[in-house]
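Enquirer: build me a model from this:
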Amino acid sequence: MALAHNFFSRPYFRFRTSPRTHRQSAAVSGSPPAETGGLAGPGWQVTADPRLTVTVTPAAGVVTVVLAGELDLVSRPVLAEQLELIGRDKPARIVFDLAGTLFADLGSTRLLVCGGSAAAGQPPVLRRPGPGVRRILQLTGLDAYCEIEG
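Expert: Residues are numbered from 1 along each chain as shown. Got it, this is the predicted structure:
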């Protein structure tokens with residue numbers, strides 16, 4: 001039986017809960033593009049509960065997103081919101097540094113690959129993913145839609 005929709009066609013980078021929830025659960029340091037008007041600034045850091053810290057550093061068309069903690073259903077909306085902010089300026093490339101990621105579920109991994117591709121217009125780079133994330137990428141075939149370093 002065929003699926004009614006294409007697995008990669010849905011824009012999961014737009015998945016959000018209400019902005020009020022984000023403001024209450026995420027602490028921002030630095031200046032996200034919504035406040036500065038673009039990715040020209042030094043970057044910013046968002047902490048979602050104790051589960052996830054997202055650090056965004058733009059430089060010469062390449063945006064590096066360092067993820068530390070757990071990527072799961074609870075922290076996914078914060079990551080989605082950051083990808084949406086990054087995507088507004090259409091960077092040439094997005095690099096996700098996953099060295100500090102302790103756990104990632106399938107939905108979050110799919111968000112990284114599909115949302116990163118949609119935001120930059122080319123496959124994202126997943127730098128230093130752990131064995132669990134690599135296994136999810138291989139089992140689902142998502143490894144064909146991104147570049148894996150380290």
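Enquirer: so the closest residue to residue 93 other than its chain neighbours bridges to which residues?
Expert: Distance criterion Cβ to Cβ, 6 or more residues apart in numbering; nearest residue to residue 93, sequence neighbours excluded, is residue 62 at 4.7 Å. From N, CA and C alone the C-beta is placed, and that goes for glycine too. Judged by DSSP bridges, the bridge partners of residue 62 are residue 59, residue 93.
Enquirer: isn't residue 62 right up against residue 91?
Expert: Yes. If you go by Cβ atoms under 8 Å, residue 62 and residue 91 touch, sitting 6.6 Å apart.
Enquirer: can you count the residues close to the residue nearest to residue 93?
Expert: Other residues within reach of residue 62, judged by other Cβ atoms under 10 Å, total 14.
Enquirer: can you tell me how far it is from residue 145?
Expert: In this view, residue 62 and residue 145 are 19 Å apart by Cβ to Cβ, to the nearest Å.
Enquirer: likewise for residue 125?
Expert: Counting by Cβ to Cβ - residue 125 and residue 145 are separated by 12 Å.
Enquirer: over to residue 79?
Expert: Taking Cβ to Cβ, one finds residue 79 at 17 Å from residue 145.
Enquirer: which residues touch residue 108?
Expert: Remark: with contacts taken as Cβ atoms under 8 Å, 6 or more residues apart in numbering, residue 108 is in contact with 71-72, 75-76, 79.
Enquirer: that's all I had, so thanks and see you.
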